[in-house]
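> I need the structure of the sequence given here:
(one chain, ligands or ions: 2)
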Amino acid sequence: MKKLDIITFGRAAVDLNAVEYNMPMEETMTFKKYVGGSPANIAIGTSKLGLKAGMIAKVSDDQHGNFVIDYMNKVGVETSSIKKDTEGRKIGLTFTEIKSPEECSILMYRDQAADLYLSVDDFNEDYIKSAETLLISGTALSQSPSREAALHAMDIAKKNGVEVIFELDYRPYTWKSEAETSVYMSLAARSADIVIGTRDEFNVLENSEGNSDEESVQELFNYSPHLVVVKHGVKGSKAFTRDGEVIEGDIYKTQVLKTFGAGDSFASGFIYALKKEKGIQEALKYGSAAASIVVSKHSSSDAMPTVEEIEQLIHSQEG
Ligand SMILES: Nc1ncnc2c1ncn2[C@@H]1O[C@H](COP(=O)(O)OP(=O)(O)OP(=O)(O)O)[C@@H](O)[C@H]1O
Ligand SMILES: O=C(O)C[C@@H](O)[C@H](O)C(=O)CO
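Ligands and ions are numbered 1, 2, ... in the order given. Next up, the predicted model:
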């Protein structure tokens, strides 16, 4: 029995979500603070679903860093490998704009962000070995020393039979060029067991437009991955297995408040159901239902649902 079901690797940050909706950010005067950062959201999401989740991250040594660690502890995430930056670097901030339920955007403040200074010395082999699964966020590969740390963590996982999930999580702001992004995204995706990303993110990984999902996944199946999930927003998602299965996931209709947070909640529900051995079709349902719940709420982390909420939604719309 492993101590942890999953460790997520990458940024833990702060989201500042517009309290006033249906207006541009210039006019927004009030923002509500939440924990943010895609891999932090996934640690929170899976923990709220009852998995034993931990995180490898680096936050600022200040009130915001304390806020993130305290919140993660409160929701049951194991935080011993969330380190504080000793050089005074600050946590990333993400302001969100909710112009309409369809028109949302995020504005990231991430210069010298503490998470990109996570280094190989900030975690140890035993911590990774204590988990069944390691989830790496693509943004962690965008700069050194976090890039080497992420690749090192993947290497430890692979040598020790720890499953690796690569969440493409492409945030253009932190990358220098499209070619560089493609090189490192491909390197990580080829070494992972499971890859999850949006169609646009696979285009970034391939540094080309116009490939079909089938073409993207066949390329990856030449390497380590045995399961690849391509997300298509309101059009749902598709999972492809190495042995040729293609499984489609629908969405669950809801009253959308904002669109961000869908990807992280989808990953949380999907991973939870896979770990509970419910099968890929069910995992897509759990992912979509979790996303549907989160897009109807104000945050991407605090809004992560419980198993009961997910199952209730699935049954209500199937009924
Ligand atoms: N408006 C919506 N209503 C219901 N479900 C949705 C909606 N948008 C997305 N989803 C669900 O969430 C999944 C992931 O969404 P999407 O493809 O937008 O990922 P993403 O771009 O990673 O999300 P994010 O906006 O958080 O970065 C979709 O496959 C779908 O199941
Ligand atoms: O991933 C981030 O750093 C920002 C998120 O926390 C934000 O809520 C979001 O964009 C989720 O998709």
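> what residues are up against the residue in the stretch 201-319 of the chain positioned nearest to ligand 2?
Using Cβ to the nearest ligand atom, the closest approach of the stretch 201-319 of the chain to ligand 2 is made by S300 at 3.4 Å. For the C-beta atoms, the positions are set from N, CA and C on the backbone; glycine is no exception. S300 sits next to D15, Y34, G36, N41, F260, G261, D264, S265, V294 when contact means Cβ atoms under 8 Å, 6 or more residues apart in numbering.
> Dump the residues you listed to a markdown table, plus pLDDT.
Putting the contacts of S300 into a markdown table (pLDDT from 0 to 100) gives the following:
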| residue | pLDDT |
| --- | --- |
| D15 | 98 |
| Y34 | 98 |
| G36 | 98 |
| N41 | 98 |
| F260 | 94 |
| G261 | 96 |
| D264 | 98 |
| S265 | 98 |
| V294 | 98 |
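> taking these one by one, which sit in helices?
Among these, the members falling in helices (DSSP state H) are N41, D264, S265, V294.
> ok, of the contacts of S300, which one's closest to E248?
Minimum distance to E248 across the contacts of S300 is 19.0 Å, recorded for S265 (Cβ to Cβ).
> right, and the closest one touches I293 too?
Yes: if you go by Cβ atoms under 8 Å, S265 and I293 touch, sitting 6.9 Å apart.
> which neighbours do these two share?
By Cβ under 8 Å, 6+ apart, S265 and I293 have these common neighbours: A303, P305.
> These two - which one has more neighbours?
Shown here are S265 and I293; by other Cβ atoms under 10 Å, S265 has more neighbours (31 against 22).
> show me what contacts that one?
N41, G45, G287, A290, A291, I293, V294, V295, S300, A303, M304, P305.
> at 6 Å what do you get?
The contact partners of S265, by Cβ atoms under 6 Å, 6 or more residues apart in numbering, come to G45, A290, A291, V294, M304.
> so how far is ligand 1 from the second one?
For A290, the distance to ligand 1 equals 8 Å [Cβ to the nearest ligand atom, to the nearest Å].
> Next to ligand 2, which bits of the stretch 201-319 of the chain? Give me the list.
Residues of the stretch 201-319 of the chain lying near ligand 2 by Cβ under 6 Å from any ligand atom: F260, G261, G263, D264, S300.
> how far away is the second one from K275?
Put plainly, it is G261. Using Cβ to Cβ, to the nearest Å, one obtains 21 Å as the distance from G261 to K275.
> Same question for the last one.
In this structure, S300 lies at 21 Å from K275, with Cβ to Cβ as the measure.
> same check, this time on the third one
Taking Cβ to Cβ as the measure, G263 falls 19 Å from K275.
> got it, and the fourth one?
To K275, D264 is 17 Å away according to Cβ to Cβ.
> between those two, who's got more neighbours?
Neighbours per residue (other Cβ under 10 Å) separate D264 from K275, with D264 holding more: 29 against 18.
> Kindly confirm whether my reading is correct that that one touches P39.
No: assessed by Cβ atoms under 6 Å, D264 is found out of contact with P39, at 8.3 Å.
> shared neighbours of the two, anything?
With Cβ under 6 Å, 6+ apart, D264 and P39 have no common neighbours.
> Which of the three states applies to Q255?
coil (DSSP: H, G, I helix; E, B strand; the rest coil).
> what are the ranges of the strands in the stretch 101-250 of the chain?
104-109, 131-137, 163-167, 194-198, 227-231, 237-241, 246-249 (DSSP state E, counting those that start in this stretch).
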